[in-house]
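1. coordinates only, sequence not included:
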């Protein structure tokens with residue numbers, strides 16, 4: 001696997017939202033959407049995991065996920081316009097990028113399972129509550145910029 005592809009995926013994971021209970025790959029039409037939508041898929045996966053291991057938080061987590069998705073939709077609108085006009089970002093999603101995303105998700109889950117679930121899930125709830133439109137936009141833009149840089153440098157074809 002080309003580890004340089006992990007940079008945009010790793011950024012999604014370091015945003016405080018990476019770790020999942022299953023392989024989740026964003027449903028996207030192109031590379032740009034894939035990178036942008038990763039945040040939502042990661043949040044959905046973490047909430048799904050928390051609902052199963054800490055059911056007392058289920059209702060609150062699911063409600064916050066709905067709010068998070070609304071913030072995400074607002075944050076990503078300008079980015080989606082840019083993606084649609086970019087030859088680099090409107091490319092089909094390479095299998096390598098999908099595999100890198102799945103690998104990060106799997107590795108994260110293994111680490112998360114070793115942590116205290118009530119604490120981790122409470123932290124997830126706090127992250128969802130405190131995430132802003134601006135922070136979502138920043139993470140998406142950073143992921144996309146890193147991908148574009150990797151393409152320009154020749155690390156990604």
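-> Received it, and whenever you're ready, just let me know what you need. These numbers come from a predicted model, not from an experiment.
2. rest of the way, CA atoms for contacts and neighbours
-> Noted.
3. tell me, please, the helix or strand in this structure that averages the lowest pLDDT.
-> Least confident helix or strand of the chain, by mean pLDDT, DSSP states H and E, is helix 6-12 with a mean of 43.
4. which of the residues in the following helix or strand past that one are buried?
-> Per DSSP states H and E, the first helix or strand lying C-terminal to helix 6-12 is helix 31-53. Under the neighbour-count criterion of 16 or more other Cα atoms under 10 Å, helix 31-53 has 31-51 buried.
5. same question, stretch 78-85
-> Counting neighbours by 16+ other Cα under 10 Å, one finds that the buried residues in stretch 78-85 are 79-80, 83.
6. ok, so of the residues you listed, who is nearest residue 120?
-> For the buried residues of stretch 78-85, the residue nearest residue 120 by Cα to Cα is residue 79; the value is 30.3 Å.
7. measure the closest residue to residue 131 other than its chain neighbours to residue 84 for me?
-> Distances taken as Cα to Cα, 6 or more residues apart in numbering place residue 68 nearest to residue 131, at 7.4 Å, with adjacent residues excluded. From residue 68 across to residue 84, the span is 24 Å (Cα to Cα, to the nearest Å).
8. before we move on, what about residue 125?
-> Counting by Cα to Cα - residue 125 and residue 84 are separated by 33 Å.
9. and residue 98, by the same measure?
-> Per Cα to Cα, residue 98 is found 20 Å from residue 84.
10. pLDDT value on the residue lying farthest from the centre of the chain, please?
-> Farthest-out residue of the chain from its mean C-alpha position, per Cα atoms, centre = their mean: residue 56, at 24.7 Å. Per-residue confidence at residue 56 stands at 96 (pLDDT).
11. again, but for the one 4 residues further on
-> Residue 60 is assigned 97 on the pLDDT scale.
12. excluding its backbone neighbours, what's nearest it?
-> residue 125 (7.7 Å).
13. residues in contact with residue 61?
-> For residue 61, the contact set (Cα atoms under 8 Å, 6 or more residues apart in numbering) comprises 47, 51, 125.
14. which strand or helix spans it?
-> helix 58-85.
15. tell me the angle the helix or strand that comes right after that helix makes with helix 31-53.
-> Moving toward the C-terminus from helix 58-85, the next helix or strand (DSSP H and E) is helix 95-113. Using axes from the mean of the first three to the mean of the last three Cα atoms, to 10 degrees, the direction of helix 95-113 lies 20 degrees away from that of helix 31-53.
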